[in-house]
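Asker: Here you go, sequence then predicted model.
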Amino acid sequence: MSVFTHVTVGTNDLSKARAFYDSVLAELQLKRIADLDDNGSIWGIDAPSFFVLKPANGSPATVGNGVTVSFKAPSRKAIDAFHKVALELGAKDEGQPGPRGWAPHAYAAYVRDLDGNKLAVYCFEPA
């Protein structure tokens, strides 16, 4: 059971964000399921779970210091692919794919999207 209905990050360039997230989230088997006109888009599997929006107050989108959005990956291979595609599309590396010692079988990668939002992808399956 998930404890969240959805997570939202802001963007200052919706068209670039849509292209970025369409590509990287496809590696995690998520697809864009709705567009909110020129205000944002929503990705998910069976239900809306990840939103990218222009800020409602009209101010520029900014990143949260210490905030990370972490996606569940179906496999280690998907994490490697997510990280590779993200970097190819202009994301900044924040942690190469590899084991993370804080939990059994934890394997992850980290990037910053085109707006600077910190993203992680995790899998807890054995190698």
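Answerer: Good, I have the coordinates. As the structure is a prediction and not an experimental result, all values here were calculated from the model. Numbering: from 1, shown residues only.

Asker: Outside of the strand ranked longest in the chain itself, list whatever touches it.
Answerer: Longest strand in the chain by number of residues (criterion: DSSP state E): strand 92-99. Residues outside strand 92-99 that contact it (Cβ atoms under 8 Å, 6 or more residues apart in numbering): 76, 79-80, 83, 87, 106-112, 118, 120. To be clear about C-beta, it is placed using only N, CA and C from the backbone, and glycine gets the same treatment.

Asker: What distance do you get for A106 to V7?
Answerer: Computed as Cβ to Cβ, to the nearest Å, the A106 to V7 distance reads 20 Å.

Asker: circling back to that earlier point, only the buried residues of the longest strand of the chain, if you could.
Answerer: Buried residues in strand 92-99, counted by 16 or more other Cβ atoms under 10 Å: P97.

Asker: neighbouring strands for it, and are they parallel or not?
Answerer: Here strand 92-99 is paired, per DSSP bridges, with strand 107-112 (antiparallel).

Asker: CA atoms of the partner strand as CSV?
Answerer: Extracted C-alpha coordinates of strand 107-112, given in CSV (Å, rounded to 0.1, in the frame of the first residue of the first chain):
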residue,chain,number,x,y,z
TYR,A,107,20.4,-0.8,-5.8
ALA,A,108,19.8,2.8,-6.9
ALA,A,109,20.8,5.8,-9.0
TYR,A,110,20.3,9.6,-8.6
VAL,A,111,20.0,12.5,-11.0
ARG,A,112,18.8,16.1,-11.1
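
Asker: Quick one: mean pLDDT for it?
Answerer: Mean pLDDT, strand 107-112: 98.

Asker: Would you map the helices across this structure?
Answerer: With DSSP state H as the criterion, the chain has helices at 14-26, 76-88.

Asker: right, so of these, which gets closest to N57?
Answerer: helix 14-26 (15.9 Å; Cβ to Cβ).
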